[in-house]
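[1] one predicted model, sequence on top.
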Amino acid sequence: RLADYAIEIPDIDELLSPLITVVPLQLLSYHIAVLRGCNVDQPRNLAKSVTVE
């Protein structure tokens, strides 16, 4: 057994897989960051060239 939990994604065409899987994984990472108390709107170590003021 590799994990306690799994995210099941339906079988789809290989070309569509990135489009279908990215949203659930981004939502998962967002909620984990919020639970950890991280500021999701201003991540640390983000280069100034990436930010828009």
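    Noted; the coordinates are in hand.

[2] CA only for contacts and neighbour counts going forward, please
    Noted.

[3] for the strand or helix carrying T21, the distance to its chain's centre please.
    Secondary structure assignment for T21, by DSSP states H and E: helix 17-36. Helix 17-36 has its average C-alpha position 3 Å from the chain's average C-alpha position, going by C-alpha atoms, centre = their mean, to the nearest Å.

[4] which residues sit against that helix?
    Helix 17-36 is contacted from outside by I9, N39, V40, using C-alpha atoms under 8 Å, 6 or more residues apart in numbering.

[5] export that helix to PDB, keeping only CA atoms.
    Taking C-alpha atoms only, helix 17-36 is exported to PDB below (Å, rounded to 0.1, in the frame of the first residue of the first chain):
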ATOM      1  CA  SER A  17      -5.400  14.100 -19.000                       C
ATOM      2  CA  PRO A  18      -3.400  17.200 -18.100                       C
ATOM      3  CA  LEU A  19      -6.400  19.500 -18.600                       C
ATOM      4  CA  ILE A  20      -8.600  17.300 -16.400                       C
ATOM      5  CA  THR A  21      -6.100  16.600 -13.600                       C
ATOM      6  CA  VAL A  22      -4.600  20.100 -13.100                       C
ATOM      7  CA  VAL A  23      -7.700  21.600 -11.500                       C
ATOM      8  CA  PRO A  24      -8.200  19.000  -8.700                       C
ATOM      9  CA  LEU A  25      -4.500  19.000  -7.900                       C
ATOM     10  CA  GLN A  26      -4.400  22.900  -7.700                       C
ATOM     11  CA  LEU A  27      -7.400  22.800  -5.400                       C
ATOM     12  CA  LEU A  28      -5.700  20.200  -3.300                       C
ATOM     13  CA  SER A  29      -2.500  22.200  -3.000                       C
ATOM     14  CA  TYR A  30      -4.500  25.400  -2.200                       C
ATOM     15  CA  HIS A  31      -6.500  23.700   0.600                       C
ATOM     16  CA  ILE A  32      -3.300  22.200   2.100                       C
ATOM     17  CA  ALA A  33      -1.600  25.600   2.100                       C
ATOM     18  CA  VAL A  34      -4.600  27.200   3.800                       C
ATOM     19  CA  LEU A  35      -4.600  24.400   6.400                       C
ATOM     20  CA  ARG A  36      -0.900  25.000   7.000                       C
END
